[in-house]
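J.: Sequence first, predicted coordinates after that:
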Amino acid sequence: MIKENQRLLNLFHLVIDALIIVFSFCFAYHLRFDIKDSFLIRFDIINEPIGRYLSLAEYMPMLIYLIPFYIISYYIFGLYNPKRTMGRRMEIWALVKANAIGILYCTTLLYFFKATYYARLFLAIFFILNIVLDFIFRHLVSKTLRKLRRSGRNLKHVLLVGYGDTAKGYVDRILEHPDWGFYIHGILDDNEKKGTEYRGIKIVGDIDCLPKLLDSNEYDEIVITLKLKEYEKLAGIVITTEKYGVHTKFVPDYNNVIPTKPYTEDLEGLPVVHVRNVPLSDPVNKFLKRIFDIVGAIFCIIIFSIPMLIVSLLVKFTSPGPLIFKQKRIGLHNRAFNMYKFRSMRVQTASEEKKAWTTMNDPRVTPVGKFIRSTSLDELPQFFNVLKGDMSLVGPRPERPYFVDKFKEDIPRYMVKHQVRPGITGWAQVNGYRGDTSIKKRIDCDIYYIENWSLSLDIKILVLTLFKGFVNKNAY
């Protein structure tokens, strides 16, 4: 049933997408040519009289070429795939890429047809309109479907095979997101007693019951959540599910080792999974991020020059000691560097400073220091660290050598964060994990950032920092 619903939804999407393309095309023509003395007309980069352009009826044949190509592009970029768990950011990015390819195709056609009478501004308006209108439509459809799923309709019926931490993790996420629309009927397992339950999901039998249950044709998906030591059963389970034509997913029991988006290499038909995919190990990505950091740091130093001057005067005249506090931190490739901050504490001995973690109402923090720490103004000198190349605008927060030595023994994957430059702000900070908060959750955020880096993610984090990062209840 769910497959039929998805086919109908895709057909609905396809028809509406075609109508949106037609509407955007016509409305772009209207904005470009029909609105007299409009902003668009007065500031058009093509200074030719309106009368020299073709009519809308003469523009319309271009849609015969555009609509099929756009629909194919949407399909290639996954815009007709099930979106129960897809984020809005991923969808709009796919929409932008598909439309960019569409406009490139359109201009290529115009070049080969020597159709120089098409206005460039018209194409730009069409590009923007089509993205905005299609995203609004998809957002409304997604919002409606999520509401239906929360009310118990349009559900995908699931059976789990295997019980352990992996199964529990899967159940936790499904129950925390009722808007995804998954209904778990039960779990099959050979080691636990029938009737054992986790968060209301019961073990309904052993794995040998799978063929009998699949005969009922009640399930849209089988999710294999076996423990690592039971993987010899995996091939048999897959053969059974494929025999009944049921869609099967596999959640590995080694996800604490393999990244969320593993990079797979084909070695003459043998798949080789890289344990860690780090986009910033690519020289092009590394170069782009460094240029972004240098330009951003210079811009921020200019913008924050007055606040830095004011903080400098406040620190200097309210507490004896140096203006800038230098502290050893561990950065890229486990190398130590001096991180700069405005001094927010009374002067300490090296042994005091080395081991003590700042806590709430810490007596070492000066009155001015308390304010600049809570508003992150003490971090402003780190823009010079960015210019030096010790730090980045965005990345995992660097830690002191003492705590690095401590955490690398206690927290799995802690040292992964040193595969990239540390940052002034980061994914952990904008998610509230700053100061005296969970180290494990901070590392989870850092690893997510490292494995999913893009310039757009850096920009998103910087924007979120403007709203979340400057004032933080955990920065003591």
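T.: Ah, there it is. Note that the structure is a prediction, hence the values are computed from the model and not measured. Numbering: from 1, shown residues only.
J.: okay, CA-based contacts and neighbour counts for the rest of this
T.: Noted.
J.: where's Leu464, which helix or strand?
T.: Assigned by DSSP states H and E, Leu464 belongs to helix 455-464.
J.: Please work out which residues outside that helix touch it.
T.: The contact list for helix 455-464, computed with C-alpha atoms under 8 Å, 6 or more residues apart in numbering, reads Lys289, Val394, Thr425, Gly426, Trp427, Val430.
J.: Verify the contact between the last one and Tyr449 for me.
T.: No - taking contact to mean C-alpha atoms under 8 Å, the distance of 11.8 Å between Val430 and Tyr449 leaves them out of contact.
J.: mind checking how far the helix holding Leu464 is from the chain centre?
T.: Offset of helix 455-464 from its chain centre (C-alpha atoms, centre = their mean, to the nearest Å): 10 Å.
J.: now swap in stretch 181-193 and tell me
T.: Computed by C-alpha atoms, centre = their mean, the chain-centroid distance of stretch 181-193 equals 30 Å.
J.: and what of stretch 143-153?
T.: The chain centre lies 24 Å from the centre of stretch 143-153; the measure is C-alpha atoms, centre = their mean.
J.: buried set for it?
T.: The neighbour-count check on stretch 143-153 (16 or more other C-alpha atoms under 10 Å) flags Leu145, Arg146, Lys147, Leu148, Arg149, Arg150 as buried.
J.: for the residues you listed, which one is nearest Leu95?
T.: Leu145 (19.4 Å; C-alpha to C-alpha).
J.: can you give me the strands in this protein?
T.: 156-161, 182-188, 197-198, 201-205, 221-224, 247-250, 263-267, 270-274, 324-330, 336-342, 392-394, 423-425 (DSSP state E).
J.: So which of the ones you listed is the most surrounded?
T.: Most buried of those by mean neighbour count (mean count of other C-alpha atoms under 10 Å) is strand 392-394; its value is a mean of 26.
J.: what packs against that one?
T.: Here strand 392-394 touches helix 283-303, helix 382-388, strand 423-425, helix 455-464, going by 3 or more C-alpha pairs under 8 Å, 6 or more residues apart in numbering; DSSP states H and E.
J.: Just the CA trace of the second one, in PDB.
T.: The one in question is helix 382-388. C-alpha atoms of helix 382-388 as PDB (Å, rounded to 0.1, in the frame of the first residue of the first chain):
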ATOM      1  CA  GLN A 382      41.200  34.300  17.900                       C
ATOM      2  CA  PHE A 383      40.600  35.900  14.500                       C
ATOM      3  CA  PHE A 384      44.400  36.500  14.500                       C
ATOM      4  CA  ASN A 385      44.800  32.800  15.200                       C
ATOM      5  CA  VAL A 386      42.800  32.200  12.100                       C
ATOM      6  CA  LEU A 387      45.000  34.500  10.000                       C
ATOM      7  CA  LYS A 388      48.100  32.700  11.300                       C
END
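J.: Which pLDDT value goes with Glu48?
T.: Here, the pLDDT recorded for Glu48 equals 45.
J.: what residues are up against Thr166?
T.: Per C-alpha under 8 Å, 6+ apart, neighbours of Thr166: Thr225, Leu226, Lys227, Val251, Pro252, Asp253.
J.: Out of those, give me the one that has the most neighbours.
T.: Thr225 (28 neighbours; other C-alpha atoms under 10 Å).
J.: From Arg173, how far off is it?
T.: With distances taken as C-alpha to C-alpha, to the nearest Å, Thr225 is found 14 Å from Arg173.
J.: now swap in Phe337 and tell me
T.: 40 Å.
J.: what's the answer for Ser142, then?
T.: Using C-alpha to C-alpha, we find Ser142 at a distance of 19 Å from Arg173.
J.: So those two - more neighbours on which side?
T.: Ser142 (16 against 11).
J.: show me the contacts for the nearest residue to Tyr183 once chain neighbours are set aside.
T.: Leaving aside its chain neighbours, Tyr183 sits nearest to His157 (5.0 Å; criterion: C-alpha to C-alpha, 6 or more residues apart in numbering). Listed by C-alpha under 8 Å, 6+ apart, the contact partners of His157 are Phe182, Tyr183, Ile184, His185, Glu218, Tyr219, Asp220, Glu221.
J.: Need the max-distance pair from the residues you listed.
T.: Pairwise across these, and taking C-alpha to C-alpha, the largest span is found between Phe182 and Glu218, at 13.1 Å.
J.: Buried ones in stretch 285-305, by neighbour count?
T.: Of the residues in stretch 285-305, Lys289, Arg290, Phe292, Asp293, Ile294, Gly296, Ala297, Ile301 count as buried by neighbour count, 16+ other C-alpha under 10 Å.
J.: for it, the distance to its chain's centre please.
T.: Using C-alpha atoms, centre = their mean, the offset of stretch 285-305 from its chain centre is 22 Å.
J.: what residues does that stretch touch?
T.: The contact list for stretch 285-305, computed with C-alpha under 8 Å, 6+ apart, reads Pro279, Leu280, Leu380, Phe383, Phe384, Val386, Leu387, Ser392, Leu393, Leu455.
J.: what stretches of the stretch 301-450 of the chain score poorly on pLDDT?
T.: For the stretch 301-450 of the chain, the stretches with pLDDT under 70 are 348-363, 435-436.
J.: can you pull out the helices in it?
T.: Along the stretch 301-450 of the chain, the segments classed as helices by DSSP state H, counting those that start in this stretch run 305-318, 350-355, 367-374, 382-388, 401-410, 427-430, 439-451.
J.: biggest separation within the contacts of helix 455-464, which pair?
T.: Maximum distance among the contacts of helix 455-464 (C-alpha to C-alpha): 19.3 Å, for Lys289 and Val430.
J.: Relative to the whole chain's centre, how far out is the lengthiest helix in the chain?
T.: With secondary structure taken from DSSP state H, the chain has its longest helix at helix 120-150. Computed by C-alpha atoms, centre = their mean, the chain-centroid distance of helix 120-150 equals 20 Å.
J.: next one: stretch 419-437
T.: For stretch 419-437, the distance to the chain centre is 15 Å (C-alpha atoms, centre = their mean).
J.: now do stretch 91-99
T.: That offset, for stretch 91-99, works out to 15 Å (C-alpha atoms, centre = their mean).
J.: Pass me the low-pLDDT residue ranges in the stretch 151-300 of the chain, would you?
T.: For the stretch 151-300 of the chain (pLDDT under 70), the answer is 255-257, 259-261.
J.: Using a markdown table, lay out the contacts of stretch 285-305 together with distance to Phe135.
T.: Converted to a markdown table, the contacts of stretch 285-305 look like this (distance: C-alpha to C-alpha, whole Å):
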| residue | distance to Phe135 |
| --- | --- |
| Pro279 | 28 |
| Leu280 | 30 |
| Leu380 | 37 |
| Phe383 | 36 |
| Phe384 | 40 |
| Val386 | 36 |
| Leu387 | 38 |
| Ser392 | 33 |
| Leu393 | 30 |
| Leu455 | 22 |
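J.: OK, contacts around Cys209?
T.: When contacts are counted by C-alpha under 8 Å, 6+ apart, Cys209 touches Leu188.
J.: Go again with 10 Å.
T.: Leu188, Asp189 (C-alpha atoms under 10 Å, 6 or more residues apart in numbering).
J.: got it, and the one 4 residues further on?
T.: Applying C-alpha under 10 Å, 6+ apart, we find Leu213 in contact with Leu159, Val204, Gly205, Tyr219.
J.: Lovely, talk soon.
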